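Trainee: Pasting the sequence and the predicted model now:
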There are 2 protein chains.
Amino acid sequence: MNDTTGEAGVFDAGLERREANFAPLTPVTFLARSADVYPDKLAVVHGDMRLTYGELYARCRRFASALRRRGIGQDDVVAVMSPNIPALLEAHYGPAMIGAVLNPLNIRLDAGAIAFILEHGGAKLLITDREFSDTIKEALSRMDSPPPVIDIDDPMHEGGELLGETDYESFLLEGDPAFAWQRPEDEWRAISLNYTSGTTGNPKGVVVHHRGAYLNALGQILVHGLTRQSVYLWTLPMFHCNGWTYTWGVTAIGGTHVCLRRVDPGLIFDLIADEGVTHMCGAPIVLNMMINAPSQLRRSFPQTVDAGTGGAAPPAAVIEAMEGMGFHVTHLYGTTEAYGPATVCAWHDEWDALPMAERARKSARQGVRYPTLEEVMVLDPTTMQPVPPDGETMGEIMYRGNTVMKGYLKNPTATEAAFAGGWYHSGDLAVVHPDGYIEVRDRSKDIIISGGENISSIEVEGMLYKHPKVLEAAVVARPDEKWGETPCAFVTLKEGEEATSEEIIGFCRDNMAHYKCPKTVLFGPLPKTSTGKIQKYELRERVKEI
Amino acid sequence: MNDTTGEAGVFDAGLERREANFAPLTPVTFLARSADVYPDKLAVVHGDMRLTYGELYARCRRFASALRRRGIGQDDVVAVMSPNIPALLEAHYGPAMIGAVLNPLNIRLDAGAIAFILEHGGAKLLITDREFSDTIKEALSRMDSPPPVIDIDDPMHEGGELLGETDYESFLLEGDPAFAWQRPEDEWRAISLNYTSGTTGNPKGVVVHHRGAYLNALGQILVHGLTRQSVYLWTLPMFHCNGWTYTWGVTAIGGTHVCLRRVDPGLIFDLIADEGVTHMCGAPIVLNMMINAPSQLRRSFPQTVDAGTGGAAPPAAVIEAMEGMGFHVTHLYGTTEAYGPATVCAWHDEWDALPMAERARKSARQGVRYPTLEEVMVLDPTTMQPVPPDGETMGEIMYRGNTVMKGYLKNPTATEAAFAGGWYHSGDLAVVHPDGYIEVRDRSKDIIISGGENISSIEVEGMLYKHPKVLEAAVVARPDEKWGETPCAFVTLKEGEEATSEEIIGFCRDNMAHYKCPKTVLFGPLPKTSTGKIQKYELRERVKEI
């Protein structure tokens, strides 16, 4: 490629990596810096407990040191079963300081799933909150050689029992607050092991590394405009993709983490108003919960709160209602395999002037790649060619770059399938609009094929959500002799509302192509996974029984 | 270190780097993303010329493609002699897209120095602005085999002549606007070659890489709070440490670059007011120039402009005057070897309430490491142990991390000396305050030893700057039979002012320890390097002649 002559290698000779000019990237450095620069600044709020950055750093160093004294070392897994409280935040630093791997457990899982994960991940230690003692006790009893247990004895929770040899605060006291932690010898080393909830089969263990955690944390700062004045409320589970790397990002900028044991609208409003929250995240259901909160629980506040949401496109009514309460909704999209968010519906200032319906249509799109993710494309999964940006042709969302997982733990088949052709395959079907923004149409397996036409279950659901009486909706395929499949809708009505199938179907027929409209509507609560996703496979089972 | 048993290597097996999850970091991706996300957003302003991100990206791809067609490839050096105009900004992307190395030339250098740099760096191509045709013609005439030349024929400048085979705009037209650029195969590859001005001897060629450029650009966004609404005015030379990596940082966040051919206070005020500038940088002399601008040139503006400054601590009077005009001054410190800024006097909100003198004293400190630089320490250069944080004990500022250069081009002796003991040696002497903030006391070689006591020339200069008649001041050692050395001051008075040596010395004696006061004061203009640094070695020569 270089046809010119020249002094070969002058830019390499004697200019190799060395201690002075190369250090493996790790998000632990963010905590060290914030503690050095802002030792007295408020880092963590948890009820009446307040930790400065100096204190948070000292606690994390104690954590690392205490682990080391128990023989925990590189690549050893430390599992944590905890809501969004300081112990779990600290677990994003302590183990990483000695090369150990955090395994944050989904607190909504049952004993069987927990036992599977502890066995599969090979946890060397389990730190668990009293609230989950029943599940954990049962899980441990199913294991041949359960790990030692440390209890989090949080005064903010009543009930449950202590299972382990010691409690977390005593454990920290075993450690040295001035412990000399070490960077990983390679930034590719694992920092966290996150099991996907998986709608079928056993969960897969997503392995992420220090380099990606560092970069995605910076990406969060860029996308959400975090500053040292930012106050982040933990409405999003920290166990979920390491809290979309906000666990590290908020610390990197020297902002404040406000902990939250449970998603309770009244408590959320109180913390926003009292602690001056500027940022939060959550599934649309969290936003819905706030919108529908009784008026006596609501609080007004002077700041605008950036509310990141993902998992499903926020409907216009949700965006409008949230804006009316003082929030700006940012639509994100991603997967555990991408450290959380991979795309953002990056806002353009000129969209501010659009009517609400138009703004909501802009916002509903999953958007564009994070600045720290190299490529996001919508490809035809057969040819691996990009689909045209016509807003119509569907392909599969694929991405690649530094914030994509190392792979699945001890699951080479799944890893190779996920990375086939040099791209991570999301399994989500989308179109590309003329401005390059992508919009998810469906999960590959959720598409409905009726009379040879593809119907996006998400599109039908979007229409159902527009019906004023509908709280939640999910659409799956119903086998049909004539059409092959037809859309079948499951609908939860808002409290106190009543409706008929005919009314719902009629509403759809008035507003969208008739072949896309549900032929069947069933009313009732929707089954959900532990992370709040609607379980369509369960609905498909029900359809078979109709 | 890992005493526990376990399944060795489960976090590595099958989880290696691959195309889907690893990409060498390069700041070129920032431009590609901003062009994808904000194709119609204003990227560059240069007089009446306006470039959107879509246009800027297309021009840079043409640049890369045109270089490739001329046989330029990996590690080939492309030298550019240009003020802060689009061609030099584009040169931060075009060469990098094909693995070539930018060599931005200091436009204030003479023909001899330019010829040396072109020879030493082995430039394969020179792109030069008409304004510098005399110097360049002379430099090329001194070379045995001068590189081919392309002229920048900027309508914003009159005069000079065209020296080369073609002009820059025609050259761009040779290239493909959809050129498929490539990431470097290794993020450690060189991206830029920046010669230090050097107060003595031949300049040294600092080699920086894609990884460091990427990270430092993100560091700038974090430190200065850049957003997509940011408008950056190019008062800082882009040739100087690649414009402290703002060349890449402003692009990464999708902000606007406002070009500036020359540092002219009236033009600066006009651009701030008319283009809505939010950020700028410059040596204190640039701030001084604005403060002392005739009132008819000044403009008021509604926004607060973040003005980064470095090279010397901003005096209280400068900070106060700048704030009165609508600026917030941020004190930075660094070297070309660290991609520009290595530390920032990170502000604490509680300092807002302090009296101006106290705030200026806080601001005068060089502060703390950038978030993207791993370590900055003040070490005793003999023992390599940290000095106590007492605000008194001096040591040498040393740093290490990912935003430290690869080394000096073809200069292993200088490289090894700079990296001795695993740290980059800045050559600056500093103290560490109890809050961990560092404050530069002097260059190692500028310290004055009088009667066995160390005297910081910077401290004496700081006192001289407080004298109401003093515009500029520099202090060097004068050999003395009795004391060994005594401080000798060179002073430039403000326009229209008169003063005597006795008056200046008396002012010092009234305000600081007598042994630190100048024994000699000489009046007149101060000799400066091409980057505006006062040439103390030249003053030392003069002292010998007294």
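Mentor: Looks like it came in fine.
Trainee: What's the separation between whichever residue of the stretch 51-200 of chain A sits closest to chain B and A:Ala66?
Mentor: Closest residue of the stretch 51-200 of chain A to chain B, Cβ to the nearest Cβ: A:Gly73 (3.3 Å). (Glycine included, C-beta is placed from N, CA and C.) In this view, A:Gly73 and A:Ala66 are 13 Å apart by Cβ to Cβ, to the nearest Å.
Trainee: what's the answer for A:Met384, then?
Mentor: A:Met384 is 49 Å from A:Ala66, by Cβ to Cβ.
Trainee: Just want to know which of those two has more residues nearby.
Mentor: When A:Met384 and A:Ala66 are compared for neighbours, A:Ala66 comes out ahead with 22 against 15, by other Cβ atoms under 10 Å in any protein chain shown.
Trainee: Which of the three states applies to the residue nearest to the more buried one when sequence neighbours are not counted?
Mentor: Excluding its sequence neighbours, the residue lying closest to A:Ala66 (Cβ to Cβ, 6 or more residues apart in numbering or on different chains) is A:Gly175, at 3.5 Å. On the three-state scheme (DSSP: H, G, I helix; E, B strand; the rest coil), A:Gly175 is labelled coil.
Trainee: again with the one 3 residues further on
Mentor: Classification of A:Ala178 into helix, strand or coil gives coil, according to three-state DSSP.
Trainee: Verify the stated contact: the residue nearest to A:Ala66 with A:Arg69.
Mentor: Yes: the pair A:Gly175 / A:Arg69 is scored as a contact, 7.0 Å apart, by Cβ atoms under 8 Å.
Trainee: right, and the helix or strand after the lengthiest helix in chain A?
Mentor: Counting residues, the longest helix found in chain A (DSSP state H) is helix A:53-69. Going down the chain from helix A:53-69, the next helix or strand is strand A:77-81, by DSSP states H and E.
Trainee: Helices of the stretch 151-300 of chain A, start to end?
Mentor: A:168-173, A:210-224, A:241-244, A:246-253, A:265-275, A:284-291 (DSSP state H, counting those that start in this stretch).
Trainee: Doesn't A:Asp40 belong to a strand?
Mentor: No: A:Asp40 is assigned coil when assessed by three-state DSSP, not a strand.
Trainee: What distance do you get for the closest residue to it other than its chain neighbours to A:Tyr38?
Mentor: Setting aside the residues directly before and after it, A:Asp40 is nearest to A:Thr52 in space (Cβ to Cβ, 6+ apart), at 5.2 Å. Distance, A:Thr52 to A:Tyr38, by Cβ to Cβ: 8 Å.
Trainee: do A:Val376 as well
Mentor: Taking Cβ to Cβ, one finds A:Val376 at 34 Å from A:Tyr38.
Trainee: neighbour-wise, which of these two wins?
Mentor: A:Val376 (26 against 20).
Trainee: Mind pulling the model confidence for that one?
Mentor: The model reports A:Val376 with a pLDDT of 97.
Trainee: for the one 3 residues further on, same thing?
Mentor: For A:Leu379, the model assigns a pLDDT of 97.
Trainee: pretty sure it is touching A:Tyr424, no?
Mentor: No: if you go by Cβ under 8 Å, A:Leu379 and A:Tyr424 don't touch, sitting 11.2 Å apart.
Trainee: Enumerate the residues of the stretch 351-500 of chain A near chain B.
Mentor: Taking Cβ under 8 Å from any Cβ of the partner chain as the measure of proximity, the stretch 351-500 of chain A contacts chain B at A:368-369, A:371, A:374, A:400-402, A:404-407, A:409-410, A:412, A:415, A:418-419, A:422-424, A:435-436.
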